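Student: Sharing a model prediction with you, sequence too.
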Amino acid sequence: MFAAGVPLLSVALSVAFPAEGQKLPAVGRTYVIGAVQAGLQDPVTVNGVTTGVWRTGAFLAMAPVVPGTNTLEVVCGSERLVRSFVVAEPPKAGTWKPFKPVSSEDDSRLAKPSAWRTRGTLFMNRVRPRPDDGDALYYLPPQFILRGAEVQGTDWIAVWLDGRVGFLPPTSLVKLPAVPVPSASQPAPDPAAGFPSCPPYGVPPSAVRILVDPGHGGSDTGAISPHGWCEKDVNLLQAFAIRDALRKAGFQVLMTREDDSFPALYSRPKLAYDERVDAFISVHHNATRADRNPREARHTTTYASNEKGLALASAIQKRVAEALPDITNAGAQTKSFAVCRNPAVPSCLIEVDFINFPEGEEASWDPVRQRKVAAAVVRGVQDWMHE
Ligand SMILES: [Zn+2]
């Protein structure tokens, strides 16, 4: 029921980013994304500056911000939306102290070495080359006992394997005061032992098993688009298209999720490992950091975290880039991602497109585009198997 004079057609102005009360890092500007009903002629203004509205009703503006509380006023026709959010103060120079890692057992900051046992699953027990390095020197199986020592004044445990020192957070280890201390030259376990060292050359697709991982899920939404749609959902749609195309080409396909659940981050590479699949493909969509204009930053890329993964990532990225000629090809890149740091299974992570601006949102949710990307992924996997 509508009272006389109330328009049936509402402008339904919404702003997806920044969210009300959102805390942004120390930036000088932010992107503002939102949507109005598609097809409306009224312009949208953000703090008085007119911005274009895409045919889907989505809009993107860049707005200057200052440290502290900021207010945005977004207006379209008779609708007005006020949004406040907080921008962090810039960090004061000289407050960050780099951690100087210990290199020998003579370091005065070290407690006496003792025996330690790992407590998490394989991919959680990542021995880092430096505490502030995201990379991995080794992965340790559960219940593995090794030589370690607390580094006083820090949150890290120094451990020794193969005569090398590495670092683990205390949450990964339990101290064993009554157990003999292993030697510093104890060999590191090889989690890739028994796994193939090259792609499945000359193997029919029916004998090749691929694990497809739709990124995020559940309360972990991933990036947000102008209409307030979530990356986790478009990842699932794109992953279904990839699953279907791979199956049609004869491959065996497993999924880390097929609904809006959230498999824990490290359970995803662990599933690839436990199932001994031939390849792991994580499907994501990107967003820029607050102060970067997504329309300018837009690109497509595939990440890997080691040599094994990079061969797969390069083959897939080449085909995906061919299928998306309007998007800048950033190539295959190496970056340390939890799901890709798999020493045993070739693993990669595709960032298909950016969803935090109107054109990227529209393209990413388009089922025709999703099938095009899926076909490209299949060709990439086939290329990888024939190189
Ligand atoms: Zn993501």
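Tutor: Sure thing, it's come through. Numbers count the residues shown, from 1 in each chain.
Student: For the residue in the chain positioned nearest to the ion, report the pLDDT, please.
Tutor: Going by CB to the ion, the ion is nearest to residue 284 of the chain, at 3.6 Å. All C-beta atoms are positioned from the backbone trio N, CA, C, and that covers glycine. pLDDT for residue 284: 98.
Student: partners of it in the sheet?
Tutor: residue 351 (DSSP bridges).
Student: What's the local residue count around it?
Tutor: Using other CB atoms under 10 Å, residue 284 has 27 neighbouring residues.
Student: Go ahead and confirm residue 338 touches residue 264.
Tutor: No. Contact criterion CB atoms under 8 Å: residue 338 and residue 264 do not qualify, at 9.9 Å.
Student: Comparing these two, which shows the higher neighbour count?
Tutor: residue 338 (18 against 10).
Student: element containing that one?
Tutor: Using DSSP states H and E, residue 338 sits within no helix or strand.
Student: same question, residue 374
Tutor: Going by DSSP H and E, residue 374 is part of helix 367-384.
Student: Using CSV, list the CA coordinates for that helix.
Tutor: In CSV, the C-alpha atoms belonging to helix 367-384 read as follows (Å, rounded to 0.1, in the frame of the first residue of the first chain):
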residue,chain,number,x,y,z
PRO,A,367,27.8,-15.8,-16.8
VAL,A,368,29.0,-15.6,-20.4
ARG,A,369,32.2,-14.0,-19.3
GLN,A,370,32.5,-16.7,-16.5
ARG,A,371,32.2,-19.4,-19.1
LYS,A,372,34.8,-17.7,-21.3
VAL,A,373,37.3,-17.6,-18.4
ALA,A,374,36.5,-21.2,-17.5
ALA,A,375,37.3,-22.3,-21.1
ALA,A,376,40.6,-20.4,-20.9
VAL,A,377,41.5,-22.1,-17.6
VAL,A,378,40.9,-25.5,-19.2
ARG,A,379,43.1,-24.6,-22.2
GLY,A,380,45.8,-23.4,-19.7
VAL,A,381,45.7,-26.7,-17.8
GLN,A,382,45.9,-28.6,-21.1
ASP,A,383,48.9,-26.4,-22.2
TRP,A,384,50.6,-27.1,-18.8
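Student: From the contact counts, what lies against it?
Tutor: helix 231-248, strand 279-286, helix 307-323 (3 or more CB pairs under 8 Å, 6 or more residues apart in numbering; DSSP states H and E).
Student: For the protein, what lies in contact range of the ion?
Tutor: 215, 222, 284 (CB under 5 Å from the ion).
Student: Reduced to three states, what does the residue nearest to residue 17 when sequence neighbours are not counted come out as?
Tutor: Using CB to CB, 6 or more residues apart in numbering and skipping residues adjacent in sequence, the residue nearest residue 17 is residue 33, 5.0 Å away. Three-state call for residue 33 (DSSP: H, G, I helix; E, B strand; the rest coil): strand.
Student: Correct me if wrong: residue 33 contacts residue 57.
Tutor: No. Contact status for residue 33 versus residue 57: not in contact, 11.6 Å apart, counting by CB under 8 Å.
Student: Those two: which has the busier surroundings?
Tutor: residue 33 (26 against 22).
Student: low pLDDT regions in the protein?
Tutor: In the predicted model of the chain, residues 1-11, 95-96 satisfy pLDDT under 70.
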